[in-house]
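A.B. asks: Task: produce atomic coordinates for the following.
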Amino acid sequence: MFLLSRDFYFDAAHRVIDYKGKCENLHGHTYKLTVTITGDLKDDGMVIDFALIKKIVEEEILKKLDHQDLNNLFINPTTEIIAKWIFDKLDEEFSKIGCKINEVTLYEGHNNRVTIR
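C.D. replies: Numbers count the residues shown, from 1 in each chain. Purely as a prediction, here's the structure:
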């Protein structure tokens, strides 16, 4: 089994609902998204072309999240909720082409991250 990963970056704003502290106020982050795909080696020597991973993630995720107020897209845009949404969306898209999402890691800034498998 092969695992292929690609990193992406986007900027977005949010505020955490029902939270007492600085994050209850609207603020922004640079998010790093690592998408890991699993699949079998095909006759062309690849599991999937990295360019296709890029195309799918840009169309399905980045166009919807980059430079957005995430509270307009999610009721409570915590990193966990956003990561689950990304995982589910990409799992659906990659299964159409015979691959599977193994893992999504979403970094909120440099030090905090959520991983879903």
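A.B. asks: Every contact and neighbour count from this point should use C-alpha atoms.
C.D. replies: Fine.
A.B. asks: Could the C-alpha coordinates of the longest helix along the chain be exported in CSV?
C.D. replies: For the chain, the helix with the greatest residue count under DSSP state H is helix 79-95. Output in CSV follows, covering the C-alpha atoms of helix 79-95 (Å, rounded to 0.1, in the frame of the first residue of the first chain):
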residue,chain,number,x,y,z
THR,A,79,-10.5,23.0,13.5
GLU,A,80,-12.0,19.6,14.3
ILE,A,81,-15.3,20.4,12.5
ILE,A,82,-13.5,21.9,9.5
ALA,A,83,-11.1,18.9,9.3
LYS,A,84,-14.0,16.4,9.3
TRP,A,85,-15.8,18.3,6.6
ILE,A,86,-12.6,18.3,4.4
PHE,A,87,-12.1,14.6,5.1
ASP,A,88,-15.7,13.7,4.1
LYS,A,89,-15.7,15.8,1.0
LEU,A,90,-12.4,14.5,-0.2
ASP,A,91,-13.2,10.9,0.6
GLU,A,92,-16.2,11.2,-1.6
GLU,A,93,-14.2,12.8,-4.5
PHE,A,94,-11.2,10.5,-4.4
SER,A,95,-13.3,7.3,-4.2
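A.B. asks: how far out from the middle of the chain is whichever helix or strand comes after it?
C.D. replies: Remark: after helix 79-95, the chain's next helix or strand is strand 100-108, criterion DSSP states H and E. Centre-to-centre, strand 100-108 and its host chain are 6 Å apart (Cα atoms, centre = their mean, to the nearest Å).
A.B. asks: Specify the local secondary structure of the residue sitting furthest away from the middle of the chain.
C.D. replies: Most distant from the centre of the chain: residue 43, at 28.7 Å, with distances by Cα atoms, centre = their mean. Under DSSP: H, G, I helix; E, B strand; the rest coil, the three-state class of residue 43 is coil.
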